[in-house]
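S.K.: quick check, what structure comes out for this input:
(one chain, ligands or ions: 1)
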Amino acid sequence: DWTMAEFRKTKIAEIRAQVGDGKVICGLSGGVDSAVAAVLIHEAIGDQLTCVFVDHGLMRQGEAERVVSLFKGHYNIPLVHVDAEEMFLSGLAGQTDPEKKRKFIGGAFIDLFEQEARKVGGADFLAQGTLYPDVIESVSFTGGPSVTIKSHHNVGGLPERMNMQLVEPLRELFKDEVRLLGRELGLPDVFVGRHPFPGPGLAIRIPGEVTKERCDILRKADAIYLEEIRNAGLYDAVWQAFAVLLPVKTVGVMGDSRTYDSVCGLRAVTSTDGMTADVYPFDASFLTQCATRIVNEVKGINRVVYDYTSKPPGTIEWE
Ligand code: XMP
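M.R.: Numbers count the residues shown, from 1 in each chain. Prediction:
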């Protein structure tokens, strides 16, 4: 009879055995996985753990504030907040290849974690909230030859030069199990029930070149879409929902003038583990309402489309 209470105990013992009296840096992404990993590791080794939240400027609206307040306010876990927007945006300038974007972001995270490790007098361990599906998808595609679909930044993106050992207590778990563990550890329900958010953030929701201006446009559209989903009482019925900003401009008309602006794509899927996914079948009136609000309220977007592709053959994120 395998329960989360037992898993928690076993993992705590394993973490203590692995780490000894060493120091651990844990990267928080704002998502559920890394938060659960951090709280579990904190329970195991207390102040040998330092949590680092890298704000890469690729967060959704209000995200950075939410992470900082959860950790500083709710838990007494020390949190280092690194403002790295400029570093990430300048590194992404001119990059349009999805794998290059992912590799750059993964490498930049490692550089920053190593820098923070030195600041605490040398940490030997880097903790991450890697899940089982992250491990599989970065390595191969089920049933086929070994092909990398995407380098999940927290798995395939780790360069060999990194001189820290990994602590990944959630490596055997699926998302629904991480949520159970989060509840077991006392994380608030609203936090545990949050949709997944990828480490590379908005960079993989802006096909083509990522700029601050495009991030700002996408943040606004995404916030409207999520607000509509919450207002309709659909947040928990959906595994993940988000907006993407396409590198395509189309012609439109606003009042009596011509517009020539970007296309926004909306995505919403149901899933149990992120490995396969079905499109969420919103009512047409709901999508019309989202499209109307986004075009009216977000400068830079004049057309909205809905993504009807399941996974496979699509992936959940667009890059
Ligand atoms: P895909 O797009 O591969 O996404 O179908 C499956 C799930 O994984 C999330 N995802 C990531 N999570 N780092 C993460 O922490 C990443 O690099 C990454 N890429 C995708 C995605 O949001 C979805 O929930």
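S.K.: please, where are all the strands along the stretch 51-200 of the chain?
M.R.: Applying DSSP state E, counting those that start in this stretch to the stretch 51-200 of the chain gives strands spanning 79-83, 125-127, 165-167.
S.K.: mean pLDDT and mean neighbour count added to those strands, as a markdown table?
M.R.: Where you see a C-beta, it was placed from the backbone N, CA and C, and this is true even at glycine. Shown next, in a markdown table, are the strands of the stretch 51-200 of the chain (pLDDT from 0 to 100; neighbours: other C-beta atoms under 10 Å):
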| stretch | mean pLDDT | mean neighbour count |
| --- | --- | --- |
| strand 79-83 | 94 | 15 |
| strand 125-127 | 96 | 26 |
| strand 165-167 | 94 | 18 |
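S.K.: let me have these in JSON lines, adding distance to residue 92 as columns.
M.R.: Converted to JSON lines, the strands of the stretch 51-200 of the chain look like this (distance: least, C-beta to C-beta, whole Å):
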{"stretch": "strand 79-83", "distance to residue 92": "16"}
{"stretch": "strand 125-127", "distance to residue 92": "23"}
{"stretch": "strand 165-167", "distance to residue 92": "25"}
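S.K.: which bits of this protein sit near the ligand?
M.R.: 137, 150, 152-154, 196, 198-200, 240, 274, 311, 315-317 (C-beta under 6 Å from any ligand atom).
S.K.: of those, select the buried ones using a ChimeraX command.
M.R.: Here is the ChimeraX command that selects the buried residues among the residues of the chain next to the ligand (16 or more other C-beta atoms under 10 Å):
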select :137,150,152,153,154,196,198,199,200,240,274,311,316,317
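S.K.: what's the lowest-pLDDT member of the residues of the chain next to the ligand?
M.R.: Here the lowest pLDDT out of these sits on residue 153, with 57.
S.K.: packing partners of the least confident helix or strand in the chain by mean pLDDT?
M.R.: When each helix and strand of the chain is scored by mean pLDDT, DSSP states H and E, helix 132-139 comes last, with a mean of 77. On a contact count with 3 or more C-beta pairs under 8 Å, 6 or more residues apart in numbering; DSSP states H and E, helix 132-139 meets no helix or strand.
S.K.: how far does that helix sit from the chain's center?
M.R.: 15 Å (C-alpha atoms, centre = their mean, to the nearest Å).
S.K.: restricting to C-alpha, output it in CSV.
M.R.: Extracted as CSV, the C-alpha positions of helix 132-139 are listed here (Å, rounded to 0.1, in the frame of the first residue of the first chain):
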residue,chain,number,x,y,z
TYR,A,132,9.1,11.5,-15.0
PRO,A,133,7.5,12.8,-18.3
ASP,A,134,10.2,15.5,-18.5
VAL,A,135,12.8,12.7,-18.4
ILE,A,136,11.2,10.6,-21.0
GLU,A,137,10.3,13.4,-23.5
SER,A,138,13.8,14.9,-23.4
VAL,A,139,15.3,11.5,-24.2
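S.K.: tell me where the stretch 201-319 of the chain has helices.
M.R.: Ranges of helices in the stretch 201-319 of the chain, per DSSP state H, counting those that start in this stretch, are 212-231, 284-297.
S.K.: how far does the longest one sit from the chain's center?
M.R.: In this case it means helix 212-231. With C-alpha atoms, centre = their mean as the basis, helix 212-231 stands 15 Å off its chain's centre.
S.K.: CA atoms only: put that helix into PDB for me.
M.R.: Provided in PDB are the C-alpha atoms of helix 212-231 (Å, rounded to 0.1, in the frame of the first residue of the first chain):
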ATOM      1  CA  LYS A 212      10.400  42.600 -24.300                       C
ATOM      2  CA  GLU A 213       7.700  44.300 -26.400                       C
ATOM      3  CA  ARG A 214       6.400  40.900 -27.600                       C
ATOM      4  CA  CYS A 215       6.500  39.500 -24.100                       C
ATOM      5  CA  ASP A 216       4.400  42.500 -22.800                       C
ATOM      6  CA  ILE A 217       1.800  42.000 -25.600                       C
ATOM      7  CA  LEU A 218       1.600  38.300 -24.800                       C
ATOM      8  CA  ARG A 219       1.300  38.800 -21.100                       C
ATOM      9  CA  LYS A 220      -1.700  41.000 -21.600                       C
ATOM     10  CA  ALA A 221      -3.500  38.600 -23.900                       C
ATOM     11  CA  ASP A 222      -2.700  35.600 -21.700                       C
ATOM     12  CA  ALA A 223      -4.000  37.400 -18.600                       C
ATOM     13  CA  ILE A 224      -7.300  38.200 -20.300                       C
ATOM     14  CA  TYR A 225      -7.700  34.600 -21.600                       C
ATOM     15  CA  LEU A 226      -7.000  33.100 -18.100                       C
ATOM     16  CA  GLU A 227      -9.300  35.700 -16.500                       C
ATOM     17  CA  GLU A 228     -12.100  34.600 -18.800                       C
ATOM     18  CA  ILE A 229     -11.400  30.900 -18.100                       C
ATOM     19  CA  ARG A 230     -11.500  31.600 -14.300                       C
ATOM     20  CA  ASN A 231     -14.700  33.600 -14.600                       C
END
